[in-house]
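Colleague: dropping a prediction and its sequence here:
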Amino acid sequence: MPEKSNSITLSLGLSNFRLAAELLYLSSDDSYSSADRINVGDLIEIDRTLYAHWALYIGDGNVIHLVGEDDQDIPDTEYAIVKEARLVDVAANSYVRVNNKEVPAKERKLTPFDSETTVANAKQFVGCRVEYNMLTRNCEHYLTEWKYGKAWSDQATVAMNAIKTLKKDSSSAGHAFLVNGLNTLLNSPGAINTPSSPLFPRSPSVSISSTSSTGSQTEPNNA
């Protein structure tokens, strides 16, 4: 008689990666489990292969996220623009999943705002230019702050630790190092477009602004 397994499955509150259109379709059908559905106020992780882009779901297939002047995930300046867009357009060919970062939040003893408050926190910045740095103020920082009231980025923490070993002396230098490195990889002849790797433009290459941003953050719209 086979021995019973004593293994325990740990739920991290994560759904499977799917194409955005599939996730939205599943969410419209009540026959699917809640783990496969997207709700207003959810954080959406978008797999860009080498990094994750983040967006906040606000309903009707729309999200709020941060982009550069040319709608790129990683701005080539020290500021980003908060925009509302269709999830399928933001994700393009990349896979997405709901990831409300519940475990990291619990480790920080944080509880989420309700969905209405979370969306309101984000909507007040739509159309604004805000401070951006891949290590200290990226899209993940903004979304966790809107949902939990405290900003953090797990992928930035990993990158920061790696950069410290290279003795980069500031977050600005580290930001430049990361952007240039990603640009080199994404525009290399061997880089291909796959369902989890969006159609990154081959040219022009991402460049780092040599001047500081004129303002770190535009005041939010109060309307």
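Modeller: Thanks, I have it.

Colleague: CA atoms for contacts and neighbours, from now on please.
Modeller: Will do.

Colleague: what's the average pLDDT for the strand or helix carrying residue 161?
Modeller: For residue 161, the enclosing helix or strand under DSSP states H and E is helix 154-164. Regarding helix 154-164, the rounded mean pLDDT is 78.

Colleague: please apply the same query to stretch 67-86.
Modeller: 93.

Colleague: rewinding a little: got the contact list for the helix holding residue 161?
Modeller: 51-52, 134-136, 174 (Cα atoms under 8 Å, 6 or more residues apart in numbering).

Colleague: name the helices or strands packed onto the helix or strand residue 64 falls within?
Modeller: Element membership for residue 64, per DSSP H and E: strand 62-67. Judged by 3 or more Cα pairs under 8 Å, 6 or more residues apart in numbering; DSSP states H and E, strand 62-67 is in contact with strand 52-59, strand 79-86.

Colleague: tell me the angle it makes with strand 79-86.
Modeller: On the basis of axes from the mean of the first three to the mean of the last three Cα atoms, to 10 degrees, strand 62-67 is oriented at 160 degrees to strand 79-86.

Colleague: strands of the protein, start to end?
Modeller: Using DSSP state E, the strands of the chain run over 18-19, 43-47, 52-59, 62-67, 79-86, 95-98, 129-131.

Colleague: what does the second one contact?
Modeller: Under the contact criterion Cα under 8 Å, 6+ apart, strand 43-47 has outside partners 52-57, 91, 94-101, 143, 196-197.

Colleague: any low-confidence regions in this protein?
Modeller: Scanning the chain for pLDDT under 70 picks out 1-13, 33, 163-223.

Colleague: tell me the contacts of residue 139?
Modeller: 53-55, 65-66.

Colleague: still on that earlier bit, looking at the helices and strands packed on strand 62-67, which is buried most?
Modeller: Compared across these, strand 52-59 shows the largest average neighbour count, a mean of 24 (mean count of other Cα atoms under 10 Å).

Colleague: what's the angle between it and strand 43-47?
Modeller: Going by the same axes, to 10 degrees, strand 52-59 makes 140 degrees with strand 43-47.

Colleague: pull the CA atoms of strand 52-59 into PDB?
Modeller: Extracted C-alpha coordinates of strand 52-59, given in PDB (Å, rounded to 0.1, in the frame of the first residue of the first chain):
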ATOM      1  CA  ALA A  52       8.700  42.700 -14.000                       C
ATOM      2  CA  HIS A  53       6.600  45.700 -14.900                       C
ATOM      3  CA  TRP A  54       3.700  46.400 -12.600                       C
ATOM      4  CA  ALA A  55       0.200  47.800 -13.000                       C
ATOM      5  CA  LEU A  56      -2.900  48.400 -10.800                       C
ATOM      6  CA  TYR A  57      -6.200  47.100 -12.100                       C
ATOM      7  CA  ILE A  58      -9.000  49.600 -11.900                       C
ATOM      8  CA  GLY A  59     -11.800  47.700 -13.700                       C
END
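
Colleague: quick one, it and helix 154-164 angle?
Modeller: 160 degrees.

Colleague: strand 52-59 pairs with which strands, and in what direction?
Modeller: strand 43-47 (antiparallel), strand 62-67 (antiparallel) (DSSP bridges).

Colleague: next, format the ones you listed as CSV and append distance to residue 19 and mean neighbour count.
Modeller: Written out in CSV, the entries for those read as follows (distance: least, Cα to Cα, whole Å; neighbours: other Cα atoms under 10 Å):
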stretch, distance to residue 19, mean neighbour count
strand 43-47, 10, 25
strand 62-67, 15, 25
